[in-house]
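> build the 3D model from these lines:
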Amino acid sequence: MPPIEGKVTAVCISEKKGTVKERVREALLKTDFGLEGDAHGGSWHRQVSLLAQEDIDMMAQKLPTVGNGSFGENIGVCGIDLPSLPVGTKLEVGEALLEVTQIGKECHTRCQIYHATGDCIMPRRGIFCRVLRSGLVREGDPVRVLEA
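Down below sits the predicted model:
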């Protein structure tokens, strides 16, 4: 079976948790931290969030003001069904190596993202990873599923 491969469509960071993230040209994924300059960085299991570009585009059809970063995701990815990846899956994203630690999440409050979009797809469709190997990530980089 050929390897599952996709592509990075956007890289986004924010200074505060629970807010819309801003698109950046490139960012450094740091081992056991996450994206340099992002509020979610730290030594925990949800260092980096990924969301399928297809899901972002679907929401943009309903609400044209949303785009990459609107759902609090760090990395947009096309070509991979992210929520179908089991916990423990290894992903090569640009130069970095990630491990899937959580699929979706529970939202306890209606954050700024929900109020801005009317629906936050991140809890249902997003995945979370920890960084196993540092490296730069930029739009257009390949995303490879190494182990599932």
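
> going forward, measure contacts and count neighbours with C-alpha atoms only.
Noted.

> just list the residues touching E73, thanks.
By CA atoms under 8 Å, 6 or more residues apart in numbering, the contact set of E73 is C12, K21, V48, S49, L50, L51, M122, G126.

> in strands, which of those fall?
C12, V48, S49, L50, L51 (DSSP state E).

> in JSON lines, list those residues along with neighbour count and distance to V66.
As requested, the ones in strands among the contacts of E73 are arranged in JSON lines below (neighbours: other CA atoms under 10 Å; distance: CA to CA, whole Å):
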{"residue": "C12", "neighbour count": "24", "distance to V66": "14"}
{"residue": "V48", "neighbour count": "27", "distance to V66": "20"}
{"residue": "S49", "neighbour count": "25", "distance to V66": "17"}
{"residue": "L50", "neighbour count": "25", "distance to V66": "16"}
{"residue": "L51", "neighbour count": "31", "distance to V66": "14"}
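
> and which of these is nearest to R133?
Checking the ones in strands among the contacts of E73 against R133 with CA to CA, the nearest one is V48 at 12.7 Å.

> who's that closest one bridged to?
C129 (DSSP bridges).

> report all helices and strands that the longest helix seen in the chain contacts.
Ranked by residue count, the top helix of the chain under DSSP state H comes out as helix 53-62. Helix 53-62 is packed against strand 75-78, with contacts defined by 3 or more CA pairs under 8 Å, 6 or more residues apart in numbering; DSSP states H and E.

> rerun that using 10 Å as the cut-off
When contacts are defined as 3 or more CA pairs under 10 Å, 6 or more residues apart in numbering; DSSP states H and E, helix 53-62 packs onto strand 5-13, strand 75-78, helix 112-117, helix 122-125.
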